[in-house]
Every structure is written in structure tokens, then in C-alpha cells.
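S.K.: this is a predicted model, with the sequence first.
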Amino acid sequence: MRIDGRTVRALNGLTARWADEAPAEGRGTVFSAAGVWPLLAFLADGAGGAARAELAGAVGLAAGEGARAARELMAALDAEQALGFALGLWTRRTLGIRPEWSSRLPPGTHGVLTDDPVADSAALDAWAGERTRGLVDRMPVPVREGTEMVMATALAMTTEWYRPFQPCEALPDSGPWRRGEFLTALHRSSTVLDRLDLADTPHGAVTGLTVMGRQGLDVRLLLGEESMRPAQVLRTGLDVLERRRPVVRGGRLPLGEPGPGLEVSRELSVAPAPPTLHVLTVPFTVEAHHDLTRHRELFGLTTLLDTGRGHLPGVGEQPLALGAAAQTATATFTGHGFRAAAVTAVGMVGGCAPDRPRYRVTEIDARFDRPFGFLAVHRRSGLVLAAGWVAEPSHQEFPADDPDAEADDRGDRGGPGA
């Protein structure tokens, strides 16, 4: 099922604006505008007055268009093998949900809140765990005695690389990970050079690498100059994805050090060989909890947070205001693949012997061995499903029993490459 281009642009726009505000302290962060966007769209459909205008502004579509676009987006993504996307709505029996609004939600989404907040919280936590394949096991907003309605999305994504990375160790010679000790790292070589690109911006250059997954989900690794802020690096990655910023592809990079983490050289070889791209990166796991009300203007929640009156006349017969809005997200990158999930909710108060070398061959080294950004991208549409920043690499041990760990990574075999 095709995703409408206007929806992709609107949602990627929200990702870009959130990137400007998302913190990257500690081990980094991860966030999913794709998890928030449908909630805002459905709320805008039932909102009135200033709240309706603010929510529509955050969604990037007219309030009357958002619900249809959100429903179509969720259906298209949930049909993908690598993805799972669900919506849940729970209300008190006394709320009086308007059928003309609830009929525009995906079918089978409506449940009931009881008078037992503990039991309700347990039920909603179980829903989150089941819908994210165990990656997020708790709902990000609490169910309290005064909660009239909870609306949530659960987005999960899992993919395997066409060709896995191999475990190795790395000793960074610059950046904050230069500590005189080896890092647990990953490496891979390929003759497909154009998965690598370099973009120039007023703030500095950004090196991008596309790691392709088997199930239509790609991960873009983004390394900027050390002086650049995470938001500037992620924004550049989004601009490249949306083709708003030109790039130099890997096969056209000049000799030397043309960009962050890059070295292009001509090396002696005992046999003729095509140009080769060598990639080094690190495994990572990042987790984050976001209180969306701290960014109320970004998400169009300012008026909705005013509990002095109701703002969702099209949703229910009782006046409703926003009591809580939050997202819990996680992302893990390993030698074999990538997995991530986000649960978003709103609560309303609701590496022989050498022969003599005779040839010179081009070698490109791309090292992501200091903090970098990433985007998880739905390949066919260019929709960003998750974005984040890796401030610290994982220090995990590599599994010894994974058969893919012995796969040949010297060339471009069995898939579309790097």
C-alpha cells in the first residue's frame, strides 16, 4: 500500500522540528514522530477552537484531512513485514464517545477503562508489550482515578541486514571516545560505493551511510563535524533524504580526507580490484522517555493542556482536556540488524603471505567512531520512522552462536550491498 507523499512530508517535517529540541545527553536519545503524528491527527479531528488549529499546525495537514491520512498511514505500515503499528483507545463508559469520531479510527481499537487504575494500568502495559514485541513493556502515561480517556500508538520495527557486519575492536584517535582503550566495534567491506554520501552545509559537512535491511527498512548513519550539534546533523540527514540538499556519492569522493570520518586512498595490491568501501561503526542501544508536554508548542498541545474547559467536542459528550502526553522509545543496532519500538500515549483528565604488489586500487574508509546520528527509514516512501543520537557505544559481548557472524563480507554477494 502506497503512503501519500503529503503525509510523508508532513511527518518528516515533524521529525525535523523535534530533532531541533530533542536532547542527546548521556548515552543519547531516540524518538519517533511517526508514533506521535497519528495521535495528533486523530485529536485534531475531534478538537474545536484554538486546540484544533494548534493540533492541525503540528500535524501539517488540515484538521479534516488528518484522520484519514493517519488511518491510511497506519494500515500501510502495519502491512509491512518489518513493522507493526497499532492504535489503542480506552475510555470510561460514562464518557459518551461520539460514533462519528470513533468510526474514523482503525477498527478494533476501542476498549474500556474500569474504576480500578491498577488493573487498567496493568492491562495497558500488557498491550504495549504485546504490540511492540516486548521492546517496550509499559505505557508511558499513568492511568489515574481522574483519567477519562487514554489513546496510544505502538510502533515496532525489526530488520536484518542483507549482509551482516563482523565484530572487531577499534581505537579511536579523535573525539570523545578517544580514551586509550579499545571499543567493541563492527566492520564491513563492499564494492557498492554509492550507499555512502557526503553533504556540505553552512554548519559543516555530514557523512551519511545507508545500511539496507531485508524487509524494506533502512538505517542511515550520520556523522557530522565535531563542532556540529546533534540537531544540525540530523537536520542535514533529513534534508538529504528529502532531496533538499545535494550530496557527493562515495564513488566520486576525491582522494584524501574529504569529510567527517572519511579517508580515500590508492593502495598497492597484488591483483586488480574494484574500488572498495570499508565501514567501521559501533553497536548501540539507546532508550528515551519524552514528556511531550514539555514541547507543547511543537506538538500543538498548548490549548489542550488548559484543564479549565473542554477542547474535544467532537470526541465525547463530556468536556476533555489533556492530562499527560509522553513517549517511551528504544533502538538497538547490532552486526546482524536493527530493532526499535516506541509507545506514545495521551491521557485526558482525562578483517598468506604477501605477494609483490603490482596494482593500485581505491580504498574508502568510513569510520563512525565518535558520536553520530541515525534515521530509520521506510525505503519505499522515505518516511522516517525513528531518529536518534548515539552519544555512547554499547559495550556488549558478541554472540558466538549466530551463523550469520561467519558470512563473507568481502564483496557484494547475496543482496544490494552496504
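M.R.: In hand now; what should we look at? Numbering: from 1, shown residues only.
S.K.: the domain parsing of the chain - what is it?
M.R.: Residue ranges for the domains of the chain, per automatic domain parsing: 5-159+285-348, 161-209+222-283+365-406.
S.K.: now do the same end-to-end measure for the longest one.
M.R.: Pointing back at domain 5-159+285-348 there. Chord length of domain 5-159+285-348, first to last residue, is 31 Å (Cα to Cα, to the nearest Å).
S.K.: got the domains of the chain as a markdown table, with mean neighbour count, distance to Gly216 and mean pLDDT columns?
M.R.: Every C-beta, even on glycine, is put in place using the N, C-alpha and C of the backbone. Formatted as a markdown table, those follow (neighbours: other Cβ atoms under 10 Å; distance: least, Cβ to Cβ, whole Å; pLDDT from 0 to 100):
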| stretch | mean neighbour count | distance to Gly216 | mean pLDDT |
| --- | --- | --- | --- |
| domain 5-159+285-348 | 20 | 6 | 92 |
| domain 161-209+222-283+365-406 | 18 | 5 | 88 |
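S.K.: adding distance to Gln215, write the ones you listed out as JSON lines.
M.R.: Listed next are these as JSON lines, based on distance: least, Cβ to Cβ, whole Å:
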{"stretch": "domain 5-159+285-348", "distance to Gln215": "3"}
{"stretch": "domain 161-209+222-283+365-406", "distance to Gln215": "9"}
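S.K.: let me know whether Gly382 touches Asn12 as I believe.
M.R.: Yes. Assessed by Cβ atoms under 8 Å, Gly382 is found in contact with Asn12 at 7.5 Å.
S.K.: name the residues contacting each of those two.
M.R.: Leu241, Glu242 (Cβ atoms under 8 Å, 6 or more residues apart in numbering).
S.K.: bridged to Leu155, which residues?
M.R.: For Leu155, the beta-bridge partners are Phe85, Ala342 (DSSP bridges).
S.K.: now Gly134: how far from Leu124?
M.R.: 15 Å (Cβ to Cβ, to the nearest Å).
S.K.: residues contacting Ala62?
M.R.: Contacts of Ala62 (Cβ under 8 Å, 6+ apart): Ala56.
S.K.: check Met228 too.
M.R.: With Cβ under 8 Å, 6+ apart, Met228 has these contacts: His203, Gly204, Val206.
S.K.: the last one pairs with what?
M.R.: With DSSP bridges applied, the residues forming beta bridges to Val206 are Ala199, Gly224.
S.K.: surely it touches Leu223?
M.R.: Yes. With contact defined as Cβ under 8 Å, Val206 counts as touching Leu223 (6.9 Å).
S.K.: list the contacts of Thr15.
M.R.: Ala33, Ala34, Leu238, Val384, Ala387.
S.K.: can you name every helix or strand that the helix or strand harbouring the third one contacts?
M.R.: Secondary structure assignment for Leu238, by DSSP states H and E: helix 230-241. Where contact means 3 or more Cβ pairs under 8 Å, 6 or more residues apart in numbering; DSSP states H and E, helix 230-241 is packed against helix 5-21, strand 196-201, strand 204-212, strand 217-224, strand 372-378, strand 383-390.
S.K.: so what touches it?
M.R.: 12, 15-16, 19-22, 24, 197, 199, 201, 203-204, 206, 208, 220, 222-224, 245, 247, 371-373, 375, 377, 382, 384, 387, 389.
S.K.: and the helix or strand that contains His290, what other elements does it pack with?
M.R.: Using DSSP H and E, His290 sits in strand 284-291. Under the contact definition 3+ Cβ pairs under 8 Å, 6+ apart, strand 284-291 sits against strand 28-31, strand 322-333, strand 383-390.
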